[in-house]
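J.: Compute the structure for the input listed below.
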Amino acid sequence: MIVIRELSLFPSLSHAVVTSGTFDGVHVGHQKILSRLIETARQCDGQSVVITYWPHPRTVLNPQDNSLRLLSTIEERIAALRAFGVDYLLLLPFTKEFAQLSSEEYIQQILIQTIQTKKLVIGYDHRFGKNREGSFDYLQQNAQRYGFAVEEIPRQDIDAVGVSSSKIRTALERGDVSTAARYLGRPYSLTGTVVQGKQLGRTIGYPTANVEPQEKLKLVPAQGIYAVAVQTPQGHFKGMLSIGTNPTVQGTHQTIEVNIFDFEADLYGQEITLFFVAYLRPEENFDGLDALTQQLHQDKLAALQVLG
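T.: Down below sits the predicted model:
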């Protein structure tokens, strides 16, 4: 997949089949659209093109709203689209000026002049342009004038998979990583840098790596204990993860700590990725470190059983 970050650098394509959207999470609903996009491009010996935006439009249009949590960083979104087999990704900076483009300006400047779109594939109820004024009906009515065909993925096709980004966020906020994985088509992941912690885990035989998320808007699942897979610079490992405040030792702020099984290397300052496989239990306040250690032993057994 070729990633293009400036309109002026977009190449001339023989038959561009295009879709657009934020694609946060690139979940199975998005994948319905992408599958149709790629299938259509192959049928006409053309090229599949995805238009997406960064930063997320909500952070620009409503900067006072701090409630938004993302399912994917822009790097994760690019990786997911590449893995899916998209040919070209046009990554447009979403600014206040860009948000003022009317639907007609968007069509003329981006779809026609820049990409020379031959067919546009969109999800049902897709809107674009200033105040989301552009619609499928508008595109269809003007398709002959624009010189490209328009296809809308039927609502029933998207509804059949029963998924939306908001449903995935709700599941993760409950700790329901199994449902999130089913909706995403893969385990939910979180990438971050390993930072210095209190090193308490070492004293009880369960050393942990404290993870600082790479993207501050990335959604962190509910507090609790999880079975995880861990990608490190040294390879792929199994582990168990705690999200919480460590009440047993009077912790006051939330941390993300992973105990990586059969691993001894120093990870400070390095980037690792956590893949949430299963929720094991809620965080608890134990009566001392001995009780905590006994529970961690049980947690490891449970994690290994889940991870196989």
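J.: Could you chop this protein up by domain?
T.: 2-163, 188-307 (automatic domain parsing).
J.: Any chance of JSON lines for those, columns mean pLDDT, mean neighbour count and distance to residue 174?
T.: All C-beta spots, glycine's among them, are computed from the backbone N, C-alpha and C. Converted to JSON lines, the domains of the chain look like this (pLDDT from 0 to 100; neighbours: other C-beta atoms under 10 Å; distance: least, C-beta to C-beta, whole Å):
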{"stretch": "domain 2-163", "mean pLDDT": "91", "mean neighbour count": "17", "distance to residue 174": "14"}
{"stretch": "domain 188-307", "mean pLDDT": "92", "mean neighbour count": "16", "distance to residue 174": "6"}
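J.: who wins for proximity to residue 182 among these?
T.: Among these, domain 2-163 comes nearest to residue 182, with 8.1 Å by C-beta to C-beta.
J.: Between the two ends of the closest one, how far is it?
T.: Using C-alpha to C-alpha, to the nearest Å, one end of domain 2-163 lies 28 Å from the other.
J.: Pull the distance from that domain to the chain's centre.
T.: Distance of domain 2-163 from its chain centroid, counting by C-alpha atoms, centre = their mean, to the nearest Å, is 16 Å.
J.: just to revisit the earlier point, just put the domains of the chain in a markdown table and tack on distance to residue 170.
T.: What follows is the domains of the chain, written out as a markdown table (distance: least, C-beta to C-beta, whole Å):
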| stretch | distance to residue 170 |
| --- | --- |
| domain 2-163 | 11 |
| domain 188-307 | 10 |
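J.: among those domains, which is nearest residue 180?
T.: From the domains of the chain, taking C-beta to C-beta, the stretch that ends up closest is domain 188-307, at 4.8 Å.
J.: so what's the residue nearest to residue 172 when sequence neighbours are not counted up against?
T.: Nearest in space to residue 172, with sequence neighbours left out and distances taken as C-beta to C-beta, 6 or more residues apart in numbering, is residue 221 at 4.6 Å. Going by C-beta atoms under 8 Å, 6 or more residues apart in numbering, residue 221 touches 172-173, 175, 177, 180, 188, 190, 243, 276.
J.: wait, doesn't residue 7 sit right on residue 92?
T.: Yes. Under the criterion of C-beta atoms under 8 Å, residue 7 makes contact with residue 92 at 7.5 Å.
J.: quick one: common contacting residues for those two?
T.: Taking C-beta under 8 Å, 6+ apart as the criterion, residue 7 and residue 92 both touch residue 110.
J.: Show me where the stretch 201-308 of the chain has its strands.
T.: 209-213, 224-232, 235-244, 255-260, 271-281 (DSSP state E, counting those that start in this stretch).
J.: and the last one with strand 224-232, angle?
T.: What that stands for is strand 271-281. Between the axis of strand 271-281 and that of strand 224-232 there is an angle of 150 degrees, by axes from the mean of the first three to the mean of the last three C-alpha atoms, to 10 degrees.
J.: Any idea how far stretch 289-299 is from the middle of the chain?
T.: Centroid displacement of stretch 289-299 relative to its chain, using C-alpha atoms, centre = their mean, is 33 Å.
J.: hmm, who's touching it?
T.: Counting by C-beta under 8 Å, 6+ apart, residues outside stretch 289-299 touching it are 203-206, 225, 240, 248-249, 259, 280-281, 284, 286.
J.: now with 10 Å?
T.: With contact meaning C-beta atoms under 10 Å, 6 or more residues apart in numbering, stretch 289-299 is reached by 200-201, 203-206, 225-227, 240-242, 246, 248-249, 259, 280-281, 284-286.
J.: how long is stretch 178-191 end to end?
T.: Stretch 178-191 has an end-to-end distance of 19 Å (C-alpha to C-alpha).
J.: Wasn't residue 19 part of a helix?
T.: No. Residue 19 is assigned strand when assessed by DSSP: H, G, I helix; E, B strand; the rest coil, not a helix.
J.: Is it correct that it is in contact with residue 123?
T.: Yes. If you go by C-beta atoms under 10 Å, residue 19 and residue 123 touch, sitting 8.0 Å apart.
J.: which helix in this protein runs the most residues?
T.: Longest helix of the chain, by residue count under DSSP state H: helix 289-307.
J.: of all the strands of the stretch 201-308 of the chain, which lies closest to residue 149?
T.: Residue 149 lies closest, by C-beta to C-beta, to one member of the strands of the stretch 201-308 of the chain: strand 271-281, at 39.4 Å.
J.: roughly how far is the closest one from the heart of the chain?
T.: Its chain's C-alpha centre and that of strand 271-281 lie 15 Å apart, by C-alpha atoms, centre = their mean.
J.: Report the angle between it and strand 235-244.
T.: Counting by the same axes, to 10 degrees, strand 271-281 points 60 degrees away from the direction of strand 235-244.
J.: how far off strand 255-260 does strand 271-281 point, in degrees?
T.: Using the same axes, to 10 degrees: strand 271-281 against strand 255-260 is 90 degrees.
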